[in-house]
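[1] coords please:
(one chain, ligands or ions: 5)
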Amino acid sequence: MMSMIMASFLSAALLLLVSGILTEKEYGSKPINLTIVNSIANAPNETYSADIVFRGILLGAMRRLQQTNADFKFTYRDDLNYGPFLESVNGVAGDNAEHTYWELLVQTGKNGSVIRPDVGIGCYIPEQNDHIILNFTKW
Ligand code: B12
Ligand SMILES: *[C@@H]1O[C@H](CO)[C@@H](O)[C@H](O)[C@H]1NC(C)=O
Ligand SMILES: *[C@@H]1O[C@H](CO)[C@@H](O)[C@H](O)[C@H]1NC(C)=O
Ligand SMILES: *[C@@H]1O[C@H](CO)[C@@H](O)[C@H](O)[C@H]1NC(C)=O
Ligand SMILES: *[C@@H]1O[C@H](CO)[C@@H](O)[C@H](O)[C@H]1NC(C)=O
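    Ligands and ions are numbered 1, 2, ... in the order given. This is a model prediction of the structure:
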């Protein structure tokens, strides 16, 4: 008798725990806008919609966009200390001699102002309604 009460108590507790986890986290992916700006060549902007999972990194959304959209291509190199460094987007590559690079900017969904994240594409975790801007520019 006692063990039956104990067992139903435990299963009820387990149910509460599981439903708690399910409501706390979100599943599936959400769209996020990503715009490519070439501030050196003055080429027209290109905007893509990429899917990002809950707390997913920007690099993941970019990889999935590359897999599903033949118009979007990018390359990166692995930096020993900081991880993925974005080298080229749609065939346009940064060049040390010319001091050009792809700058990561984010127009935040919160207040619309443009920030320059202090981490790269492998560490940045976009928030819902963030607008990612890859800006080809000079340093
Ligand atoms: C100079 C510099 C740059 C230059 C590098 C130009 C060059 N070829 O020399 C430029 C302007 C390109 C640059 C860009 C960015 N940078 Co920077 N950069 C620096 C800085 C001031 C010095 C690096 C250096 O010369 N070290 C000495 C050399 C001898 O060592 P090295 O290992 O060869 O250095 C290389 C790496 O540092 C690499 N690198 C530079 N920045 C970044 C950023 C990332 C994410 C990666 C993977 C590699 C990388 O480029 C250097 C030259 O090849 C450091 C801060 C510091 N004081 O260390 C920040 C620093 C490394 N950068 C930082 C960031 C965030 C960026 C950007 C993401 C900024 C942005 N929002 O766009 C972009 C990279 C975007 C991309 N394309 O992926 C952060 C990285 C922090 C982190 N944990 O991710 C640092 C630490 C500054 C900070 N805000 O705290 N950067
Ligand atoms: C992406 O941009 C389009 C056009 O400006 C806009 O209608 C849409 O709401 C944006 N989507 C997101 C997820 O911000
Ligand atoms: C391209 O996008 C940037 C960033 O959103 C914006 O400042 C700029 O006005 C846009 N340029 C054009 C031609 O639409
Ligand atoms: C806008 O929000 C960002 C963080 O999302 C913050 O860093 C920045 O200071 C805010 N800017 C203004 C003008 O409120
Ligand atoms: C891109 O870089 C240029 C040059 O640094 C800058 O003037 C411009 O404001 C940047 N673009 C955006 C969208 O912030």
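
[2] Can you report how many residues neighbour V114?
    Neighbours of V114 under the rule other C-beta atoms under 10 Å: 11. In short, each C-beta sits where N, CA and C put it, glycine included.

[3] residues contacting it?
    105-108, 133 (C-beta atoms under 8 Å, 6 or more residues apart in numbering).

[4] Following element in sequence after the helix or strand encompassing N33, please.
    Counting by DSSP states H and E, the element that carries N33 is strand 29-38. Using DSSP H and E, the helix or strand that directly follows strand 29-38 along the chain is strand 43-53.

[5] Which positions in the protein make contact with ligand 1?
    79, 81-86, 96, 101-104, 116-121, 123, 139 (C-beta under 6 Å from any ligand atom).

[6] Now the buried members of the residues you listed.
    83-86, 101-104, 117, 120-121 (16 or more other C-beta atoms under 10 Å).

[7] Against ligand 4, how distant is the residue of the chain found nearest ligand 3?
    Residue of the chain nearest ligand 3, by C-beta to the nearest ligand atom: N45 (3.8 Å). Per C-beta to the nearest ligand atom, to the nearest Å, N45 is found 22 Å from ligand 4.

[8] ditto for I36
    Taking C-beta to the nearest ligand atom, one finds I36 at 22 Å from ligand 4.
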